[in-house]
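**Q** 3D, please:
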Amino acid sequence: MQFPKFLLSSIVLLLLIGCSSENDQNNDTLPLTAETRMNVSYGADPQQVYDIYLPAGRTEAKTKVIVLIHGGGWTGGDKTDMQEFIPILQQSHPKHAIVNMNYILATTTIPAFPNQFLDVERVIDKLTAESESLQILPQFGLIGTSAGAHLALQYDYVYDTNNRVKMVCDIVGATDFTDPFYAENPNFQVALGLLVDESAYPNGANYAELISPALQVSAASSPSILFYGNEDPLVPLTNGQTLQTALSNAQITHSFSVYDGGHGDDWSVSSTADLRTKLSAFINTHLAIQ
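**A** Take a look at the predicted model:
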């Protein structure tokens with residue numbers, strides 16, 4: 001049987017369309033490859049950038065996000081200080097996305113608070129708004145060290161009104177500026193005056209209380225895991241103990257570990273390994289990938 005030329009052309013065209021549609025469908029269902037984007041801007045200031053590590057096979061339905069926040073006394077430090085966490089987290093939690101953020105550092109003219117808390121919020125807002133294009137689920141775990149831990153705790157306990165943060169890791173973070181360690185130090189009181197933007201808080205406010213995460217714990221606070229040194233010259237162990245008590249009183253799931261040594265940089269190999277093990281288990285419990 002011979003087909004008319006126009007009919008034969010139509011059949012060929014339909015077959016080509018069918019093959020093309022099938023190929024497009026196959027391409028659409030291919031799992032995404034791993035991707036790293038460096039210095040993604042989330043604000044107008046050059047310091048408002050983050051690096052994002054997107055895992056292979058990510059989807060908007062399951063890929064939760066770990067956010068790293070560096071220390072440096074609110075006036076220094078950089079996201080590169082948290083770089084060592086990235087391969088460890090990628091190995092232990094290969095299905096999570098990882099974000100390593102910078103924030104605007106405080107100067108004599110630029111106060112830290114609440115600006116740095118709001119920078120954490122800006123990062124989370126941007127990631128949430130772009131969750132579909134990034135193929136991530138906007139549920140977050142925060143890991144902070146020193147000043148970064150203070151920012152992580154304060155953001156969760158005060159600013160995370162939509163419950164997007166599901167867990168917080170506090171490594172030697174300041175939690176209570178009313179502690180005698182700070183309150184009786186005249187140098188710190190001068191520094192506190194420079195760190196706080198008074199115009200952002202009510203007249204006559206007790207700034208030391210308002211920016212102390214341990215004094216802001218509520219039933220809405222996220223599960224928190226705490227790590228402190230028993231001889232820390234910068235953050236007293238009492239800050240960790242005060243936060244632990246507040247979390248217990250609010251019936252918030254938490255873990256509290258104390259290691260021999262100071263501000264983390266002199267902890268033993270076994271202490272560091274213990275921290276990694278406990279933190280990984282905490283992530284698997286409170287930021288689990290289904």
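**Q** Which residue ranges of the stretch 51-200 of the chain form helices?
**A** Counting by DSSP state H, counting those that start in this stretch, the stretch 51-200 of the chain has helices at residues 85-92, 115-129, 131-134, 147-154, 180-183, 186-195.
**Q** Among those, which comes closest to Arg37?
**A** Proximity to Arg37 (Cβ to Cβ) singles out helix 131-134 among the helices of the stretch 51-200 of the chain, at 9.1 Å. Glycine gets a C-beta too; all of them are placed from N, C-alpha and C.
**Q** Tell me how far the residue positioned nearest the centre of the chain lies from Lys79.
**A** Residue closest to the average C-alpha location in the chain (Cα atoms, centre = their mean): Val67, at 2.5 Å. Counting by Cβ to Cβ, to the nearest Å, the separation of Val67 from Lys79 is 11 Å.
**Q** what is in contact with those two at once?
**A** With contacts taken as Cβ atoms under 8 Å, 6 or more residues apart in numbering, Val67 and Lys79 have Asn100, Met101 as neighbours in common.
**Q** relative to helix 147-154, how tilted is the helix or strand encompassing Tyr228?
**A** Using DSSP states H and E, Tyr228 maps to strand 224-229. Here strand 224-229 points in a direction 150 degrees away from that of helix 147-154 (axes from the mean of the first three to the mean of the last three Cα atoms, to 10 degrees).
**Q** any residues touching strand 224-229, and which ones?
**A** Strand 224-229 is contacted from outside by 153, 156, 167-173, 235, 237, 239-240, 243-244, 247, 252-264, 266-267, 275, 278-279, 282, using Cβ under 8 Å, 6+ apart.
**Q** Buried among those residues? Make that a PyMOL selection.
**A** The buried residues among those can be selected in PyMOL (16 or more other Cβ atoms under 10 Å) with this line:
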select buried, resi 153+156+167+168+169+170+171+172+173+235+239+240+243+244+247+252+254+255+256+258+259+261+262+263+264+267+275+279+282
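**Q** residue contacts, the residue nearest to Ile289 when sequence neighbours are not counted?
**A** Among residues not flanking Ile289 along the chain, Lys95 sits closest, at 4.4 Å (Cβ to Cβ, 6 or more residues apart in numbering). Taking Cβ under 8 Å, 6+ apart, we find Lys95 in contact with Pro55, Gly57, Arg58, Lys62, Thr63, Ile289.
**Q** same thing but 7 Å
**A** Counting by Cβ atoms under 7 Å, 6 or more residues apart in numbering, Lys95 touches Pro55, Thr63, Ile289.
**Q** Show the model's pLDDT score for it.
**A** pLDDT for Lys95: 98.
**Q** ok, back up a step: out of the contacts of strand 224-229, name the ones that lie in strands.
**A** Using DSSP state E, the subset of these located in strands is Met167, Val168, Cys169, Asp170, Ile171, His254, Ser255, Phe256, Ser257, Val258, Tyr259.
**Q** confidence score at the nearest residue to Gln116 once chain neighbours are set aside?
**A** In space, and not counting its chain neighbours, Gln116 is closest to Tyr103: 4.9 Å by Cβ to Cβ, 6+ apart. Reported pLDDT at Tyr103 in the predicted model: 98.
**Q** isn't Tyr103 right up against Leu118?
**A** No. Contact criterion Cβ atoms under 7 Å: Tyr103 and Leu118 do not qualify, at 9.0 Å.
**Q** who has more neighbours, those two?
**A** Neighbour count, other Cβ atoms under 10 Å: between Tyr103 and Leu118, Tyr103 has more, with 30 against 17.
**Q** For that one, give its distance to Asn249.
**A** Tyr103 is 30 Å from Asn249, where distance means Cβ to Cβ.
**Q** Same check on Thr272?
**A** To Asn249, Thr272 is 30 Å away according to Cβ to Cβ.
**Q** who's more crowded, the two?
**A** Thr272 (13 against 9).
**Q** Dump the contacts of Lys95 to a markdown table, plus distance to Glu209, pLDDT and neighbour count.
**A** What follows is the contacts of Lys95, written out as a markdown table (distance: Cβ to Cβ, whole Å; pLDDT from 0 to 100; neighbours: other Cβ atoms under 10 Å):
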| residue | distance to Glu209 | pLDDT | neighbour count |
| --- | --- | --- | --- |
| Pro55 | 40 | 98 | 20 |
| Thr63 | 38 | 98 | 22 |
| Ile289 | 38 | 95 | 15 |
